[in-house]
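Q: got a predicted structure plus its sequence, pasted below:
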Number of protein chains: 10
Amino acid sequence: MTRHELVEKVREAKRARGLTWEAIARRVGRHKVWTTAALLGQHPMSAEEAQAAAEVLGLDREAVALLQEYPTRGTPGQAVPVDPTIYRFYEIVQLYGMALKELIHEEFGDGIMSAVDLEVDVRRQVDPHGDRVVVTLSGKFLPYRRF
Amino acid sequence: MTRHELVEKVREAKRARGLTWEAIARRVGRHKVWTTAALLGQHPMSAEEAQAAAEVLGLDREAVALLQEYPTRGTPGQAVPVDPTIYRFYEIVQLYGMALKELIHEEFGDGIMSAVDLEVDVRRQVDPHGDRVVVTLSGKFLPYRRF
Amino acid sequence: MTRHELVEKVREAKRARGLTWEAIARRVGRHKVWTTAALLGQHPMSAEEAQAAAEVLGLDREAVALLQEYPTRGTPGQAVPVDPTIYRFYEIVQLYGMALKELIHEEFGDGIMSAVDLEVDVRRQVDPHGDRVVVTLSGKFLPYRRF
Amino acid sequence: MTRHELVEKVREAKRARGLTWEAIARRVGRHKVWTTAALLGQHPMSAEEAQAAAEVLGLDREAVALLQEYPTRGTPGQAVPVDPTIYRFYEIVQLYGMALKELIHEEFGDGIMSAVDLEVDVRRQVDPHGDRVVVTLSGKFLPYRRF
Amino acid sequence: MTRHELVEKVREAKRARGLTWEAIARRVGRHKVWTTAALLGQHPMSAEEAQAAAEVLGLDREAVALLQEYPTRGTPGQAVPVDPTIYRFYEIVQLYGMALKELIHEEFGDGIMSAVDLEVDVRRQVDPHGDRVVVTLSGKFLPYRRF
Amino acid sequence: MTRHELVEKVREAKRARGLTWEAIARRVGRHKVWTTAALLGQHPMSAEEAQAAAEVLGLDREAVALLQEYPTRGTPGQAVPVDPTIYRFYEIVQLYGMALKELIHEEFGDGIMSAVDLEVDVRRQVDPHGDRVVVTLSGKFLPYRRF
Amino acid sequence: MTRHELVEKVREAKRARGLTWEAIARRVGRHKVWTTAALLGQHPMSAEEAQAAAEVLGLDREAVALLQEYPTRGTPGQAVPVDPTIYRFYEIVQLYGMALKELIHEEFGDGIMSAVDLEVDVRRQVDPHGDRVVVTLSGKFLPYRRF
Amino acid sequence: MTRHELVEKVREAKRARGLTWEAIARRVGRHKVWTTAALLGQHPMSAEEAQAAAEVLGLDREAVALLQEYPTRGTPGQAVPVDPTIYRFYEIVQLYGMALKELIHEEFGDGIMSAVDLEVDVRRQVDPHGDRVVVTLSGKFLPYRRF
Amino acid sequence: MTRHELVEKVREAKRARGLTWEAIARRVGRHKVWTTAALLGQHPMSAEEAQAAAEVLGLDREAVALLQEYPTRGTPGQAVPVDPTIYRFYEIVQLYGMALKELIHEEFGDGIMSAVDLEVDVRRQVDPHGDRVVVTLSGKFLPYRRF
Amino acid sequence: MTRHELVEKVREAKRARGLTWEAIARRVGRHKVWTTAALLGQHPMSAEEAQAAAEVLGLDREAVALLQEYPTRGTPGQAVPVDPTIYRFYEIVQLYGMALKELIHEEFGDGIMSAVDLEVDVRRQVDPHGDRVVVTLSGKFLPYRRF
């Protein structure tokens, strides 16, 4: 079983059992963004988390082992995403990437917002003009080492 | 004068006058992310905003007119950004794009987080283990029209 | 069963039963463009629509469930379409994209025509010099949020 | 003077004189979409049209001659457009291209909607839930020659 | 059975039966270029043609149905062909494309040679210095619509 | 002066003097396709041809020398042409490239139609249903050397 | 069986039988470079050669037929080779391609070294500072046809 | 002066003085392939070589210094060369690259033919059926280090 | 069995048996970087090494033979790696590649650090501010041959 | 003055004054790799460092200011480097990237070697079989945040 096949199995089990990502995350004991990303092949789980995920989804022992492996992260062959819901995030990088870079440097000096020591959240903000999706990225600032 | 040349002029004036983006934004009367993006060629300014920006930066009348034009947005020729500070945002899309899509659908149904009716904020969060960069994206949820 | 396999099944069933997209759409109760796009993997169906589509096409229960899933939209690996009938639409974007942008801004101000809150129609216009294909795109204007 | 430089001159003159594309089109005597596309380098003008455009924009004789030349159409180096207002049209091709192909074949048989014998219109449709941009493409159906 | 698999079957049957494209075309009743292109997945056949092709090649009923479907034309994933015999045609476009454009405009005005209302022929021209391949393209001139 | 600048000069001189490519070709004493391609930077001219071209176009001595140089042929940065008149030739390669390959092998055996020992012609064919552009490619067959 | 599968079979048979390309070539009666390229899918074999290759490798009748087919040459999807031993040849084209072009033109005039009427050899040259790989390309000079 | 400008100057001086690469190479005291490549920006020259090249070409002191710099080798932006004379070498890599790799491994074991410790020669081989271009590559075999 | 399938088998066996790369390398008798790379398809093993690897991993005879084959090295279809742990190395090339080139030339003259006669090591360096990954590349300097 | 022009100026001044990167680095007071990268546009300098660099290179005040700016790092338009000395590092990522990833995870767990908190060194290692280039990368290990 490859990672790709495992992700397909996860999707099929979730559909067959009528589960939500949020419910799975609660059982796994992690944030819904982290859990969803992990089950889609972007993070390794601990033994307990993999066991919990396998139970709720009805996966076998091989899946439990595979869920704990360090995956090859990212979406190969998709330099520019085509799904509109994902593309909008890419578009934000195209439009605001340089401005965010300038303001990070202005506030913190030379460095980056880590994409590794990072938390991601997504939630609904009720709004009379139409509810809003609020995505929060909280990444540790890493200064460039000067040597 | 093209947009590209205008952006170069803005950068030179900012450097020569020792200004920060935040200070310029205060004079323009807009959020620092919006103002920085606009001065980097991603948004048109109103007449008043362009006038204010030109004053603080010492730009001429042609610049004032150009700042009000609808720009061709985005960063052509940069499908994958190479600057590390910007690339980390691209990496986040690579790793979390699919998970965010799943969770937006789970919470809101079929649709997207708008990249047009969108606010972007960046701020420092003090943390004893190292301060964090917090980027918040607040975009209106747009449901797919079914016809 | 993956989405890709489902689309292949839909095509085979349609061919075997001698159906038209228009006839399927009538049974599904939606516009022919929306229904065709949905069955080609670009939109999720409601439970009733999926049921109706499955009946007319003779699909099984797994297909009914899959038709209701949020698909990963778009055509990965096809940045520039090669089929001539599809390419002509791409060519129109190449030639008229900038002009449409200018005129949308001139009429509506800064913003976009939504590709999400969008209706698409295609119909025949009888013409003595040769009938014409008329495609109509009706998308909500979304103004850029200034913050 | 190259085409690219001519387009820059047109934009500068339009900005300096405070003109709209619609006003220029009225003076040129053509549809606003065609005129805008032509002045952005996508169509050659007749001698009279070029003369009229030059007068309203204050362009010189070389520009008049150049406006009548057959341009190299399209946007080289932009396989996927990055400006959001233009990208949305590209996204529509990604999502609805295959469905339109199927329905064109279903209604007309084997062939294409011409992108050459084509008219493009864009207009505002007032709507209480938010005005809509309506783009209409009317292209002659061209059947494949069977030989 | 997908189109791709059908093309493989056609090639295998042709090889097993020792047929030439020209012989198949005679049985199908169409020009050898058209017939070869159709059997390689570039054109739909009429019911009679598909029946005739299936007989000479020994294909089953599903193949007969599939041969009549509107194919997705072109060679995806092959922006620049690598087979030398095909590449030479690409090279001709690289070297003579602009000259042909200029001369078509000079002779016919603004428009294109249709690639849809098109006939293609290839034949041998005996030559004492070495026989020549003569390829003839005859496409209807389509003038740009001015609106 | 680079080749690129020379081509721009040729175009400007042709426009200023109201010449046609056909008229220039007659003065140069070569076929119109070859002459146009040469003046667009795809072929070197002989000293006499360069002299004749320079006279009819009013070019200086440096241009005469440059016209005789071996150019770097092709259109760099344009893997897929975007101008519709040129794109149609590319589309023909996409649709008929494989069929032409098969038929060349069937008639001549293993080899190619030369793109070097090649003549290209374009002419009008009067047709009551609309005149046709006829492009003829005559290339020497080159058999693969077996060693 | 596709070409790709045939090549895999050839490799497996060669490995299982402990053969060298040179030994196979001797049995086929052709140069080792030509034979290796042919068995890797780059050249069609004659009936005798295919028979000989099949015997030494233990291939079946279908393989014999397939070895005689005109292959689609080249390595699709590998514009820039990544294997270091192959990449070095690509690097040589990057560094010396233009110089070779200049010197071919200087010695022969306008034309190319044929890649079709071509012989390729590779051999060891003993050298006290380390043996050398000597690759010789001998291609017929083809002058450009002037018309 | 950049490298690119220096190469342009070299070409102009060579044209103006009617020199051949071979003549320049004799004056520089190096092989014609090496010298041509060096003057086209692919190799640094020694002080004496740069001096000699500058004298024969009439270049100034800045050029002499620049010719001795370590250049950034290769042809950026040209992953696949389009000039036919250069493309043929690329085609040879496409067709024979894998065969050469196999035969190098068979003869020498695991390693590469160096593209750095490499000599390149090109010469004419008289042939009654048409003279041939013979290109010889002699590169040191470098075995992979096993550690 | 292809190389790709072999690598999958290696990963599955390593997971099932709970082995580390380091433990496998000790059994193979080679450095952990070399052994891991070899088992991931980047190096051929000797007969003894392949035998040892097969024993510890429980692979069959075909695997032993395949492990000794010269692989097609590299990661096709991954011009820019997307996994963050691998991407960081790519980023280092983007940022420090030119500086390393300059300093290699300054210290050694014209040439390269070999990627063939190369040793790679990775180890932990304990550090009170957070442990560090230390990667060492030791490649033979290869001077450019001047001819 | 843009960054690109500044880098050109630095190179010209270094050449004109006969300086080495190492000598400049000593004057700047930083490691030669860091200093070279900074002067090639990959790092911002402190005021003192910029002043020192400007003095040794004879640069003006604008350069001093520009050297302190946060640059847009990386080499846009060069996804795969073509210069052989730089390409070898890219090749190492292609061959050893996955192995390094596996071993970093094995030793440190889930995370990356930072490319920001990173030191790079390059030095000569004398070796009787030919001196070696030794490049050392020391990057802080950053564990993935689990949330």
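A: All right, it came through fine. Here the structure is a predicted model, which means the values were calculated and not measured. Residues are numbered from 1 along each chain as shown, chains lettered A, B, ... in the order given.
Q: which SSE is A:Glu49 in?
A: Following DSSP states H and E, one finds A:Glu49 within helix A:47-57.
Q: of all the residues in that helix, which ones are buried?
A: Across helix A:47-57, burial judged by 16 or more other CB atoms under 10 Å in any protein chain shown covers A:49-54, A:56-57. Where you see a C-beta, it was placed from the backbone N, CA and C, and this is true even at glycine.
Q: what number of residues lie near A:Arg3?
A: 15 (other CB atoms under 10 Å in any protein chain shown).
Q: residues in contact with the residue lying closest to it once chain neighbours are set aside?
A: What sits nearest to A:Arg3 in space, not counting adjacent residues and going by CB to CB, 6 or more residues apart in numbering or on different chains, is A:Gly41, at 4.9 Å. By CB atoms under 8 Å, 6 or more residues apart in numbering or on different chains, A:Gly41 lies in contact with A:3-4, A:6-7, A:71, A:73.
Q: A:Pro76 too?
A: Contact analysis of A:Pro76 by CB under 8 Å, 6+ apart lists I:77-78, I:82.
Q: A:Asp60 now?
A: A:Asp60 touches A:Ala54, counting by CB under 8 Å, 6+ apart.
Q: how far is the helix or strand where A:Lys14 lies from where the chain is centred?
A: Secondary-structure element containing A:Lys14, defined by DSSP H and E: helix A:3-17. Relative to the chain's own centre, helix A:3-17 is displaced by 17 Å; criterion: CA atoms, centre = their mean, to the nearest Å.
Q: how about the spatially most central residue of chain A, phi and psi?
A: Nearest to the mean C-alpha position of chain A, by CA atoms, centre = their mean, lies A:Ala37 at 3.7 Å. Per-residue torsions, A:Ala37: phi -60, psi -40 (degrees, to the nearest 10).
Q: so how far is A:Ala25 from it?
A: As judged by CB to CB, to the nearest Å, A:Ala37 and A:Ala25 stand 10 Å apart.
Q: what residue in chain A comes nearest to chain E?
A: Closest contact between chain A and chain E, by CB to the nearest CB, is at A:Gly77 (11.1 Å).
Q: pretty sure that residue sits in a strand.
A: No. Membership of A:Gly77 in a strand is not supported by DSSP: H, G, I helix; E, B strand; the rest coil, which gives coil.
Q: just give me the neighbour total for it.
A: Look at A:Gly77: counted by other CB under 10 Å, it has 10 neighbours.
Q: now do A:His31
A: With other CB under 10 Å as criterion, A:His31 counts 17.
Q: same thing with the one 3 residues further on?
A: Under the neighbour criterion other CB under 10 Å, A:Trp34 is assigned a count of 24.
Q: the strand or helix carrying it and chain J in contact?
A: Using DSSP H and E, A:Trp34 falls within helix A:32-39. Yes. Helix A:32-39 is in contact with chain J by CB under 8 Å from any CB of the partner chain, via A:33-34.
Q: okay, buried residues for that helix please.
A: Neighbour-count burial for helix A:32-39 [16+ other CB under 10 Å]: A:32-39.
Q: quickly check: it near chain I or not.
A: No. Using CB under 8 Å from any CB, helix A:32-39 stays clear of chain I, with a minimum separation of 12.7 Å.
Q: mind giving me the packing neighbours of that helix?
A: Applying 3 or more CB pairs under 8 Å, 6 or more residues apart in numbering or on different chains; DSSP states H and E, we find helix A:32-39 packed against helix A:21-28, helix A:47-57, strand A:111-125, helix B:84-108.
Q: ok so, going back, correct me, but the residue nearest to the centre of chain A touches A:Pro44?
A: No. Contact between A:Ala37 and A:Pro44 fails when scored by CB atoms under 8 Å: they sit 11.0 Å apart.
Q: list the residues that contact the residue lying closest to A:Ala47 once chain neighbours are set aside.
A: Nearest non-adjacent residue to A:Ala47, counting by CB to CB, 6+ apart: A:Gln68, 6.2 Å away. By CB under 8 Å, 6+ apart, the contact set of A:Gln68 is A:44-47, A:50.
Q: quick check: the farthest pair among the residues you listed?
A: A:Pro44 and A:Ala47 (10.3 Å; CB to CB).
Q: for A:Pro71, phi and psi?
A: The phi/psi pair for A:Pro71 (degrees, to the nearest 10) is phi -80, psi 160.
Q: residues touching it, list them.
A: A:Pro71 makes contacts with A:3, A:41-44, as judged by CB under 8 Å, 6+ apart.
Q: quick one: name the residues of chain A near chain D.
A: A:80, A:82, A:84, A:87, A:91, A:94-95.
Q: one step back: in a markdown table, list the helices and strands packed on helix A:32-39 along with mean pLDDT.
A: Shown next, in a markdown table, are those (pLDDT from 0 to 100):
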| stretch | mean pLDDT |
| --- | --- |
| helix A:21-28 | 98 |
| helix A:47-57 | 98 |
| strand A:111-125 | 98 |
| helix B:84-108 | 97 |
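Q: I'd like these as CSV, with distance to A:Val133 appended.
A: Converted to CSV, these look like this (distance: least, CB to CB, whole Å):
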stretch, distance to A:Val133
helix A:21-28, 15
helix A:47-57, 25
strand A:111-125, 7
helix B:84-108, 6
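Q: thinking A:Thr2 is in contact with I:Lys9, fair?
A: No. The pair A:Thr2 / I:Lys9 is not scored as a contact, 11.6 Å apart, by CB under 8 Å.
Q: quick one: which of those two has more around it?
A: Neighbours were counted for A:Thr2 and for I:Lys9 using other CB under 10 Å; I:Lys9 has more, 17 against 12.
Q: the more buried one and chain G: what is the separation?
A: I:Lys9 is 16 Å from chain G, where distance means CB to the nearest CB, to the nearest Å.
Q: quick one, what contacts that residue?
A: Counting by CB under 8 Å, 6+ apart, I:Lys9 touches I:1, I:59, I:63.
Q: and the residue of chain A nearest chain H?
A: A:Ala79 (15.2 Å).
Q: domains for chain A, by residue range?
A: A:3-67, A:84-143 (automatic domain parsing).
Q: tell me how many other residues crowd A:Ala115.
A: 26.
Q: phi, psi for whichever residue of chain A sits closest to chain G please.
A: For chain A and chain G, the shortest gap (CB to the nearest CB) falls at A:Gly77, measuring 11.1 Å. Here is the backbone geometry of A:Gly77 (degrees, to the nearest 10): phi 80, psi 10.
Q: kindly report the same for A:Arg146.
A: According to degrees, to the nearest 10, A:Arg146 has phi -100, psi 130.
Q: so what's it up against?
A: With CB under 8 Å, 6+ apart, A:Arg146 has these contacts: J:30, J:34, J:43.
Q: secondary structure class for A:Trp72?
A: Actually, residue A:72 is Thr. It isn't Trp. Assignment for A:Thr72 (three-state DSSP): coil.
Q: what sits against it?
A: By CB under 8 Å, 6+ apart, A:Thr72 lies in contact with A:3, I:83, J:98, J:101.
Q: pretty sure the first one is touching A:Leu67, no?
A: No. Shown here, A:Arg3 and A:Leu67 do not form a contact pair, counting by CB under 8 Å, at 9.5 Å.
Q: give me the number of residues near the closest residue to A:Gly97 other than its chain neighbours?
A: Leaving aside its chain neighbours, A:Gly97 sits nearest to B:Ile86 (4.1 Å; criterion: CB to CB, 6+ apart). Close neighbours of B:Ile86, defined as other CB under 10 Å, add up to 26.
Q: also A:Ala65?
A: With neighbours defined by other CB under 10 Å, the count for A:Ala65 comes to 17.
Q: from I:Arg15, how far off is it?
A: With CB to CB as the criterion, A:Ala65 and I:Arg15 are 6 Å apart.
Q: check A:Gly97 too.
A: 38 Å.
Q: who's more crowded, those two?
A: More crowded of A:Gly97 and I:Arg15, by other CB under 10 Å: A:Gly97, with 25 against 14.
Q: show me what contacts the more buried one?
A: Here A:Gly97 is in contact with B:75, B:81, B:86, B:89-90 (criterion: CB under 8 Å, 6+ apart).
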